[in-house]
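# Compute the structure for the input listed below.
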Amino acid sequence: MFQPNFKYTNKIVNLLSKISAAREVILNSPLIPKWEVTLRREAIIRSAHSSTHIEGNRLNLEQVSKLAQGRKITATRKDKQEVLNYLDVLRNINKLIKSETISVKEILKMHKKVTKGTLEHPEDCGVFRTRYVVVWNPITREVFFRPPQNKDVPELIKNLVAWINAKETQDIDPILEAGIAHYEFVRIHPFVDGNGRTARVLATWILCKRGFDTKQFFCLDDYYDSERPAYYKALQSVNQATLDLTRWVEYFVEGVHVSVQEVKERVIRLSSERLRKTKKGQIALTERQMQIVEFINQNGQITNRDVRKLFKLSDEGALKEIKKLVKLGVIRSSGKGRSLHYVAQ
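Numbering: from 1, shown residues only. Sure, this is the predicted structure:
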């Protein structure tokens with residue numbers, strides 16, 4: 001069975017502690033259901049954009065968002081299909097693998113869903129590679145390393161799956177498990193194409209299955225995509241003779257920390273003092289009303305003009321939205337005349 005080689009460093013331990021604290025803030029914040037839906041949707045869209053962009057997809061975040069809403073965009077069929085596949089997999093991550101453990105068959109199914117309709121040879125979808133490939137950086141065209149031979153792939157994946165399912169693996173932090181599985185999958189490079197995307201889906205599944213990100217609020221792929229050279233450098237930091245994963249694990253944990261902190265800051269902005277202290281329980285707000293509350297939390301106040309610009313409304317339409325929030329007791333007016341504005345209650 002696969003046995004990872006890494007050391008717990010001060011950096012890893014400190015980051016895990018910070019992640020745990022930030023995650024508690026997120027999970028204990030009084031988020032209403034609609035906010036949770038928004039956070040999940042945004043994380044999935046950003047993940048679909050970042051994970052496909054890392055591997056050369058040319059769609060920008062706005063185009064990915066439009067695809068997620070079922071709208072039409074002008075782009076190549078392959079670019080659109082890659083994003084649609086990834087969106088579908090993330091939206092159905094819990095349905096993809098229903099059991100408590102994972103199997104080789106389910107790994108193949110995962111790859112098939114990620115690459116459906118995007119590979120040069122359709123018969124390569126959901127099938128281990130039968131021709132040799134090298135792992136290279138799509139930005140610099142530099143070869144990372146030469147992966148194991150084709151004949152060794154099935155056994156290596158079987159060993160990785162056995163490790164993921166092993167009882168002793170459940171004793172380590174889920175973030176470490178996800179990071180280790182991510183790297184080992186990329187190292188084995190079991191498929192002709194789509195290995196990076198499948199590895200990132202696998203890591204996401206582990207975090208969901210282990211209860212770390214059950215609500216899918218976190219977007220780890222943004223961190224990788226924000227500085228792709230650093231991502232490839234971290235992958236290359238692993239000595240192929242010793243397979244010491246310590247530096248890679250540090251990088252992976254740091255990425256989780258950045259993602260969790262971003263969500264924490266967003267949640268704090270959303271959770272105004274009025275909502276935290278209300279005795280009426282959760283207040284159901286519309287998507288537009290939530291954006292108004294977030295604008296106030298970010299800027300300290302909002303005016304009728306701000307609301308008009310945010311949503312391209314008439315003066316009457318903007319005032320209608322504001323009055324709804326005032327009536328709910330979420331915001332209140334301040335100032336008079338031209339100085340009239342609204343702040344959190």
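# all helices in the stretch 151-300 of the chain, in order from the N-terminus.
Taking DSSP state H, counting those that start in this stretch, the helices of the stretch 151-300 of the chain run over residues 153-165, 174-188, 195-209, 221-226, 228-236, 246-270, 273-277, 287-299.
# Strands of this protein, residue ranges please.
Per DSSP state E, the chain carries strands over the ranges 135-136, 143-145, 331-334, 341-344.
# which stretches of the protein have low pLDDT?
Counting by pLDDT under 70, the chain contains low-confidence residues at 31-33, 137-139, 271-284, 297-298.
# domains for it, by residue range?
Structural domains assigned to the chain are 10-270, 276-344, following automatic domain parsing.
# what's the distance between Lys312 and Arg288?
Counting by CB to CB, to the nearest Å, the gap from Lys312 to Arg288 is 11 Å. Bear in mind the C-beta positions are built from the backbone N, C-alpha and C, glycine included.
# just Glu155 next, same as before
54 Å.
# These two: which has the busier surroundings?
Between Glu155 and Arg288, counted using other CB atoms under 10 Å, the more crowded position is Arg288 (14 against 11).
# before we move on, the earlier item: now the strands of the chain in a markdown table, with distance to Leu160?
Output for the strands of the chain, formatted as a markdown table (distance: least, CB to CB, whole Å):
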| stretch | distance to Leu160 |
| --- | --- |
| strand 135-136 | 16 |
| strand 143-145 | 17 |
| strand 331-334 | 52 |
| strand 341-344 | 49 |
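# Can you tell me which of those is packed in deepest?
Compared across the strands of the chain, strand 341-344 shows the largest average neighbour count, a mean of 18 (mean count of other CB atoms under 10 Å).
# residues touching the one residue sitting closest to the centre of the chain, list them.
Centrality entry for the chain: nearest residue to the mean C-alpha point is Cys219, 2.3 Å, by CA atoms, centre = their mean. Residues near Cys219 by CB atoms under 8 Å, 6 or more residues apart in numbering: 42-44, 46-47, 50, 259.
# Going by neighbour count, which of those comes out on top?
Neighbour-wise, those (other CB under 10 Å) top out at Ser47, 26 neighbours.
# doesn't Leu220 make contact with that residue?
Yes: if you go by CB atoms under 8 Å, Ser47 and Leu220 touch, sitting 7.4 Å apart.
# Can you pull the residues that touch both of those two?
By CB under 8 Å, 6+ apart, the residues touching both Ser47 and Leu220 are 200, 204.
# So which residues of the stretch 1-150 of the chain form helices?
Counting by DSSP H, counting those that start in this stretch, the helices of the stretch 1-150 of the chain are 10-27, 33-54, 61-68, 77-91, 93-96, 104-115.
# between these, which gets nearest to Leu340?
Across the helices of the stretch 1-150 of the chain, Leu340 has its closest neighbour in helix 33-54 (27.4 Å, CB to CB).
# now the angle between helix 195-209 and that closest one, please.
Between the axes of helix 33-54 and helix 195-209, defined by axes from the mean of the first three to the mean of the last three CA atoms, to 10 degrees, the angle is 160 degrees.
# could you dump helix 33-54 to PDB, C-alpha only?
Extracted in PDB, the C-alpha atoms of helix 33-54 (Å, rounded to 0.1, in the frame of the first residue of the first chain):
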ATOM      1  CA  PRO A  33     -29.800  29.700   3.700                       C
ATOM      2  CA  LYS A  34     -29.800  32.000   0.800                       C
ATOM      3  CA  TRP A  35     -26.300  33.300   1.700                       C
ATOM      4  CA  GLU A  36     -25.100  29.700   2.000                       C
ATOM      5  CA  VAL A  37     -26.400  29.000  -1.500                       C
ATOM      6  CA  THR A  38     -24.600  32.100  -2.800                       C
ATOM      7  CA  LEU A  39     -21.300  31.200  -1.200                       C
ATOM      8  CA  ARG A  40     -21.500  27.700  -2.500                       C
ATOM      9  CA  ARG A  41     -22.400  28.800  -6.000                       C
ATOM     10  CA  GLU A  42     -19.600  31.400  -6.100                       C
ATOM     11  CA  ALA A  43     -17.000  28.800  -4.900                       C
ATOM     12  CA  ILE A  44     -18.100  26.300  -7.500                       C
ATOM     13  CA  ILE A  45     -17.900  28.900 -10.300                       C
ATOM     14  CA  ARG A  46     -14.500  30.100  -9.300                       C
ATOM     15  CA  SER A  47     -13.200  26.600  -8.900                       C
ATOM     16  CA  ALA A  48     -14.400  25.600 -12.400                       C
ATOM     17  CA  HIS A  49     -12.700  28.700 -13.800                       C
ATOM     18  CA  SER A  50      -9.500  28.300 -12.000                       C
ATOM     19  CA  SER A  51      -9.000  24.500 -12.300                       C
ATOM     20  CA  THR A  52      -9.600  24.600 -16.100                       C
ATOM     21  CA  HIS A  53      -7.600  27.800 -16.600                       C
ATOM     22  CA  ILE A  54      -4.600  26.200 -14.900                       C
END
